[in-house]
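K.L.:
quick one: sequence and predicted model below, then my questions.
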Amino acid sequence: MTLILDSGGISALAGNRARLSELRRRDLWPPEVPSVTLVEALTGDHRRDFEANRLLRTCFVVDIDETTAREAARIRTASGRAASTSAVDAIVVAVAETRPNPIVLTSDPGDMASLIAQSARPIVVVAT
């Protein structure tokens, strides 16, 4: 299984040692984080971002290539909600669909589910 975090997943886990321990115990650590997710998860202020940055040091931050970006665009458009759905969330789904047994940890399972419905593979969504 591969755990993928969106910005809500990062926020929910930052500083939450009990939840991190549970994910490690279930062998779901370290997760993957698409690099563009950092735009939504961080402020650029090292004091405010301290807990998130501490968490991110234990994650695999995944660079996004053109193929993944194009797949995210397809997913977002096919959802019929492109005007109101985050491009970053679409990228999270595009990354997830290339991983074995993907699980996406998100604070917005509704939006994520509309994107995942357009995926070629099953992806599990877990709300934060």
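P.N.:
Looks like it arrived, so ask away.
K.L.:
rest of the way, CA atoms for contacts and neighbours
P.N.:
Will do.
K.L.:
strands along this protein, start to end?
P.N.:
Ranges of strands in the chain, per DSSP state E, are 2-5, 32-34, 60-62, 102-106, 124-127.
K.L.:
what does the fourth one contact?
P.N.:
In this structure, residues lying in contact with strand 102-106 by Cα atoms under 8 Å, 6 or more residues apart in numbering are 1-9, 92-93, 96, 112, 122-128.
K.L.:
what subset of these is buried?
P.N.:
Among those, the ones that count as buried by 16 or more other Cα atoms under 10 Å are 2-9, 92-93, 96, 112, 123, 125.
K.L.:
adding distance to residue 22, write these out as JSON lines.
P.N.:
Below are the buried ones among the contacts of strand 102-106 laid out as JSON lines (distance: Cα to Cα, whole Å):
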{"residue": "2", "distance to residue 22": "15"}
{"residue": "3", "distance to residue 22": "13"}
{"residue": "4", "distance to residue 22": "16"}
{"residue": "5", "distance to residue 22": "15"}
{"residue": "6", "distance to residue 22": "18"}
{"residue": "7", "distance to residue 22": "19"}
{"residue": "8", "distance to residue 22": "18"}
{"residue": "9", "distance to residue 22": "14"}
{"residue": "92", "distance to residue 22": "22"}
{"residue": "93", "distance to residue 22": "23"}
{"residue": "96", "distance to residue 22": "21"}
{"residue": "112", "distance to residue 22": "23"}
{"residue": "123", "distance to residue 22": "21"}
{"residue": "125", "distance to residue 22": "17"}
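K.L.:
if I look at residue 125, how far off is residue 48?
P.N.:
To residue 48, residue 125 is 28 Å away according to Cα to Cα, to the nearest Å.
K.L.:
now for the nearest residue to residue 2 once chain neighbours are set aside, how many residues are close by?
P.N.:
Nearest residue to residue 2, sequence neighbours excluded (Cα to Cα, 6 or more residues apart in numbering): residue 102, at 4.8 Å. Residue 102 has 20 neighbours, counted by other Cα atoms under 10 Å.
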